[in-house]
Structure formats: C-alpha cells, structure tokens
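Chemist: Structure for this input, please:
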Amino acid sequence: MEKYPQPYIEYLVHFHGSRDYFECHEIMEEFWIENNHDVKWLALIQIAVAVYHERQKNIDGGLRLYRKVLSHLRNDRGLLNDLSIHQSDLEQLIKSRIKNMLYEGPYQPLDLPIIDEALIEQCKQLAAKRGWEWSSCEIEDTTELIYRHKLRDRSEVIQARQHSLIKKKKEREEG
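Modeler: Next up is the predicted model:
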C-alpha cells in the first residue's frame, strides 16, 4: 500500500505545480467526504481555499479560513504528522500570511513545509510530466485560474442541492 493516498499526491502536485488552489479544494473535498470528514483533510481544503481567497484579494475570506486552519492545528498537535507536513512551520507560515493580509502586503504563492524528500521528488516528477514547475512563482496569473469558482459549470451541484431539498421536504411531510 502507498504511504500517501493518491488524492493527497494530486493535491500537492496542483498546490505546488499548477497553483490551481480551486482544483486542490475539489480533489480534497471528495476525499474528505469519503474519509468520514477527517479534520486533517478539511485543514488542507481550508488552506487551499484561504490561498485562493488571498490571491483574489478577498481579505475576509482568506483570514477566516487561515484562522480556522490555525485552530485545527492548535487543537491537534499531531494532525498532519502522517502527511509529512511540518506542523509548527505551517503554523508560522499561516501567521505570517495573516499578518501580510492585515497590512495589505503583496500576495505570494504558499509552499507547504513538506519534510519527506521522497514525497517531494514524487510530486516534482508528476508536476514536470504535466508541464508544471514545482514551487513556481506564478508569473502568469490568469483570470481563469484566479476566479475559477465563478467560471465553472455549477448545474450538477445545483441539481444535487435541489434534489436534497425535495427529499428532506418529503421526509418531513412523511415523518
């Protein structure tokens, strides 16, 4: 069995390769749901969405999510141990980003403090196969990447929500 789940590898490749933080959210959200809403996966989702908001200059959204991640990290000191992320370094990075946002500093991409060199190498190779530079500085910020949530097709999500509402209403009427 692999040391790390494939969705986590994909998350890291996008986080440090494509810098598509919305895609990181999509990859990890499905995995989080499939894995009993484990808070470590939620923390990764929230980190990606926090950076996504920060890049858009959505200060309130970014700060709110960074603070949630800090709360998770403080509540469980070993939360990210099995993911080879140096937790105290991550806490310091997040505190620094919060301070930067509060003082309206420039956005910079975030690199997670991964401590497993074999994991880094595996992810670098996958990123290179896709034509992405690992830990790039995001020279080309495109509207599509920065505002991806506004440009995607949401018809399936809307349909699923409507179906859920109808089901709940029916259950209430029957109950």
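Chemist: residues in contact with stretch 104-122?
Modeler: By C-beta atoms under 8 Å, 6 or more residues apart in numbering, the residues outside stretch 104-122 that reach it are 3-4, 9, 12, 15-16, 19, 47, 51, 54-55, 57, 84-86, 89-90, 93, 97, 99-100, 134-138. (Each C-beta comes from the backbone N, C-alpha and C, glycine too.)
Chemist: Show the buried residues in these.
Modeler: Neighbour-count burial (16 or more other C-beta atoms under 10 Å) is assigned, among the contacts of stretch 104-122, to 4, 9, 12, 15-16, 19, 47, 51, 54-55, 84-85, 90, 93, 97, 134-135.
Chemist: residue closest to the middle of the protein?
Modeler: For the chain, the residue sitting closest to the mean C-alpha position, by C-alpha atoms, centre = their mean, is A48 at 2.5 Å.
Chemist: Test for you: state the pLDDT assigned to L126.
Modeler: With respect to pLDDT, L126 has a value of 97.
Chemist: next one: the one 3 residues further on
Modeler: For K129, the model assigns a pLDDT of 97.
Chemist: how many neighbours does the residue nearest to K57 when sequence neighbours are not counted have?
Modeler: With sequence-adjacent residues excluded and distances taken as C-beta to C-beta, 6 or more residues apart in numbering, K57 is closest to Y107, at 7.6 Å. For Y107, the neighbour count with other C-beta atoms under 10 Å is 17.
Chemist: likewise E30?
Modeler: Residues near E30, counting by other C-beta under 10 Å, number 12.
Chemist: I'd say the residue nearest to the centre of the chain and Y11 touch.
Modeler: Yes - using C-beta atoms under 8 Å, A48 is in contact with Y11, at 7.5 Å.
Chemist: I'd like to know how far G62 sits from K95.
Modeler: G62 sits 13 Å away from K95, going by C-beta to C-beta, to the nearest Å.
Chemist: Before I go, just wanted to say thanks for your time.
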